[in-house]
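K.L.:
when you get a sec, could you give me coordinates for this:
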Amino acid sequence: MMGKALVLLTKLQSDRKGVTALEYGIIASVVVVAVAAALTQLDFTTFFGSVMTKVNGGLPK
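P.N.:
Next up is the predicted model:
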């Protein structure tokens, strides 16, 4: 019984798939936080309002 557990632990120690998935998860969460922080700094109402004003002002009547 102890031998099987030791073999299993040895196999788990050499398996790197879980570590790679964890690293990708951490990178993805950092990117999400960075994008969320950047989006909170933008004022979309003013931006799109000025674009609409310029578009409507440039059209012939």
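
K.L.:
ok, residue 39 - contacts?
P.N.:
For residue 39, the contact set (C-beta atoms under 8 Å, 6 or more residues apart in numbering) is empty. C-beta here means a position set from N, CA and C on the backbone, and glycine is covered the same way.

K.L.:
quick one: what helix or strand has it in it?
P.N.:
Counting by DSSP states H and E, the element that carries residue 39 is helix 17-41.

K.L.:
lowest-pLDDT helix or strand in this protein?
P.N.:
Between all helices and strands in the chain, the lowest mean by mean pLDDT, DSSP states H and E belongs to helix 2-14, at a mean of 77.

K.L.:
can you point out the buried residues in that one?
P.N.:
Counting neighbours by 16 or more other C-beta atoms under 10 Å, one finds that helix 2-14 has no buried residues.

K.L.:
thinking again about what came up before, any idea of the mean pLDDT for the helix holding residue 39?
P.N.:
Across helix 17-41, pLDDT averages out at 87.

K.L.:
could you identify the helix or strand that succeeds that helix?
P.N.:
Sequence-wise, the next helix or strand downstream of helix 17-41 (DSSP H and E) is helix 44-58.

K.L.:
what about that next one, average pLDDT?
P.N.:
For helix 44-58, the per-residue pLDDT averages 81.

K.L.:
number the chain from 36, please
P.N.:
All set: I'll call the first residue 36, so the last point we hit is now helix 79-93.

K.L.:
list the buried residues of the helix holding residue 74.
P.N.:
For helix 52-76, the neighbour count (16+ other C-beta under 10 Å) marks no residue as buried.

K.L.:
gap between that helix and the chain center?
P.N.:
Computed by C-alpha atoms, centre = their mean, to the nearest Å, the chain-centroid distance of helix 52-76 equals 4 Å.

K.L.:
and it with helix 37-49, angle?
P.N.:
40 degrees (axes from the mean of the first three to the mean of the last three C-alpha atoms, to 10 degrees).

K.L.:
about what we covered before: which strands and helices sit next to the least confident helix or strand of the chain?
P.N.:
Helix 37-49 sits against no helix or strand, with contacts defined as 3 or more C-beta pairs under 8 Å, 6 or more residues apart in numbering; DSSP states H and E.
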